[in-house]
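Participant: Turn this into a structure:
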Amino acid sequence: MSRNPSHDDCNACDEYRQLSRREFLARTTATAVALSVPAWLPRVTYAQSASSRDVLISIFLRGGADGLSLVAPWGEWANYSSLRPTIAIQPTTANALDGFFGFPPAMAPLLPAYQSGQLLIVHATGSTDPSRSHFDAQFFMEIGKPGDLNVVTGWLGRHLASLPPMKADAAVRGIGFNFGLPQTLVGAPDTLPIPDPANFRLSGNSSSAAQRLAWLGTAYQTERDPLRTAALNTQRTINTLSALNIGGYVPAGGAVYPGGSFGAALRSTAALIRADMGVEAVQIDLGGWDTHSAQGPVSGGMAATMGQLAQAIGAFHADMNGAGRINNVTLIATSEFGRVARENASQGTDHGHGNVMLVMGGAVRGGRVLSIWPGLAPAQLYQGQDLHVTIDYRDILAETVLRRLGNTNLDLVFPDFTPTMRGVFV
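Facilitator: Residues are numbered from 1 along each chain as shown. Modelled structure (predicted):
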């Protein structure tokens, strides 16, 4: 299956290399009006007050991130170092989180969020689906029902579809930072794939952009839906995002976002949240985790990818705190599966099972690692090779949907699943 791949990684398996990057832009519907130009000092507030529901930032680490490197279990050093004689995160280089787990150096930018009690780490978590195919595993995780090919909508799409908008005049409720709508958001009303909200416009010659945008608003007035609504939604969303001047956004709290598309996506997300324009859900991908060889979790390729992740989320945390908005957001980062517990002959790791999730927000009961730790002894490994999944990732998502997104329709959002509430939020 070819399901929404992220960028290729030089150490990635054939499943990634055989797929070309998507270059299309999908459209859905909205019922919004264009908004006026904001000034970033002070923070913009539009006519309607913000809802008490959180904005959800869903981050997908595509490629199978190695949770045993993201958050090292050096409290089980004998087994851990035996499985990974060259790539284990040494306790002397780790940033202690508690008496058992630690961050590698590249994840240190997340320490302020953790120490403030606003970042929770969930370990030995993931999907119960046993697939080791990237895109099967991603698909099942994003639809929220492992192993069911008959479900076509995403869990976050069903959430948005089952509640009215937080703002009746919202130009867009959900955004996927991609060229095609991420599976997580499929089925969501008023939701668009927008790779870069700061530069969302019609393609073509810039000299005629204004005329073509005006034409779009009249040319489809007499057409039937969904074509008419999609055209009007495109026009209104372009006008709205242009008015926000995301390029001129000034982060709060001294936050400095790193360069690159991931940092830019979180910076744009912060601008959208602080503008109170009605965005309720954002999906952002970060690829580069398929580390079959030369993994380098301390000074190599994986360390660089972890650095992107931690620096950007750390900046977002500082920004939201500085702007007084941290209590209005929940950020969740997850990946389709972890990596095999034992390193391979190329000093990398192959497709595994159990993994790590990150949950950040003002209402998060953080500053701790939530885990039912299964152990890394040979007899404790899943199929004799992987970290077990002892907390279903849907437990965390379902509690978020219920407690922070105000949606009681859990049987719709996560079909045929009864979640266990894990005490993620205060």
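
Participant: Could you check which helix or strand contains T229?
Facilitator: helix 227-244 (DSSP states H and E).

Participant: Same question for T334.
Facilitator: strand 329-335.

Participant: export that strand as PDB, just CAs?
Facilitator: Backbone C-alpha positions of strand 329-335 (Å, rounded to 0.1, in the frame of the first residue of the first chain) are rendered in PDB as follows:
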ATOM      1  CA  VAL A 329      -3.500  23.400  23.200                       C
ATOM      2  CA  THR A 330      -2.700  19.700  23.300                       C
ATOM      3  CA  LEU A 331       0.200  18.400  21.200                       C
ATOM      4  CA  ILE A 332       0.600  14.700  20.600                       C
ATOM      5  CA  ALA A 333       3.500  13.100  18.700                       C
ATOM      6  CA  THR A 334       3.500   9.400  17.700                       C
ATOM      7  CA  SER A 335       4.900   7.000  15.100                       C
END
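
Participant: Can you give the contact residues for stretch 70-86?
Facilitator: For stretch 70-86, the surrounding residues in contact (CB atoms under 8 Å, 6 or more residues apart in numbering) are 68, 88-91, 94, 97, 99-104, 107, 121, 123, 306, 341-343, 347, 356, 369, 373, 375-377. Where C-beta positions appear, they are placed from N, C-alpha and C, glycine not excepted.

Participant: Whichever of those residues end up buried, select them in PyMOL.
Facilitator: Buried subset of those, written as a PyMOL selection, criterion 16 or more other CB atoms under 10 Å:
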select buried, resi 68+88+89+94+97+100+101+102+103+104+107+121+123+306+341+342+343+347+356+369+373+376
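
Participant: Sitting in helices, which of the contacts of stretch 70-86 do you find?
Facilitator: 68, 306 (DSSP state H).

Participant: ok so A318 is a helix residue?
Facilitator: Yes - per DSSP: H, G, I helix; E, B strand; the rest coil, A318 lies within a helix segment.

Participant: Would you mind giving the secondary structure of the residue nearest to the spatial centre of the chain?
Facilitator: The structure's the chain has its C-alpha centroid closest to I59; by CA atoms, centre = their mean the separation is 0.9 Å. Secondary structure, three-state DSSP: I59 is strand.

Participant: My read is that it contacts F316, right?
Facilitator: No - with contact defined as CB atoms under 8 Å, I59 does not count as touching F316 (10.1 Å).

Participant: any shared contact partners between these two?
Facilitator: The contact lists of I59 and F316 share L331, where a contact means CB under 8 Å, 6+ apart.

Participant: Does the helix holding T229 pack against any helices or strands, and if so which?
Facilitator: helix 209-219 (3 or more CB pairs under 8 Å, 6 or more residues apart in numbering; DSSP states H and E).

Participant: Quick one: residues in contact with the helix it packs on.
Facilitator: 201-202, 204, 231-232, 234-235, 238-239.

Participant: Separate out the buried members of those residues.
Facilitator: Applying 16+ other CB under 10 Å to the contacts of helix 209-219 flags 202, 231-232, 234-235, 238-239 as buried.

Participant: okay, now the closest residue to D386 other than its chain neighbours: neighbour count?
Facilitator: Once flanking residues are discounted, D386 sits nearest to H353: 3.7 Å by CB to CB, 6 or more residues apart in numbering. Around H353 there are 28 other residues, counting by other CB atoms under 10 Å.

Participant: Might one say that H353 is in contact with T390?
Facilitator: No - look at H353 against T390 with CB under 8 Å: they stay out of range, at 10.9 Å.

Participant: Redo the contacts of helix 209-219 as a markdown table? Include pLDDT and distance to N150.
Facilitator: Below are the contacts of helix 209-219 laid out as a markdown table (pLDDT from 0 to 100; distance: CB to CB, whole Å):
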| residue | pLDDT | distance to N150 |
| --- | --- | --- |
| R201 | 79 | 38 |
| L202 | 79 | 36 |
| G204 | 78 | 40 |
| A231 | 79 | 32 |
| L232 | 76 | 33 |
| T234 | 77 | 31 |
| Q235 | 81 | 35 |
| I238 | 86 | 36 |
| N239 | 85 | 39 |
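
Participant: Could you work out the most separated pair of these?
Facilitator: G204 and L232 (19.0 Å; CB to CB).

Participant: returning to that earlier point: go through the contacts of stretch 70-86 and flag which are in strands.
Facilitator: 102-103, 121, 123, 356, 369 (DSSP state E).

Participant: G362 is in contact with Q118, correct?
Facilitator: Yes - if you go by CB under 8 Å, Q118 and G362 touch, sitting 6.1 Å apart.

Participant: intersection of neighbour lists for these two?
Facilitator: I326.
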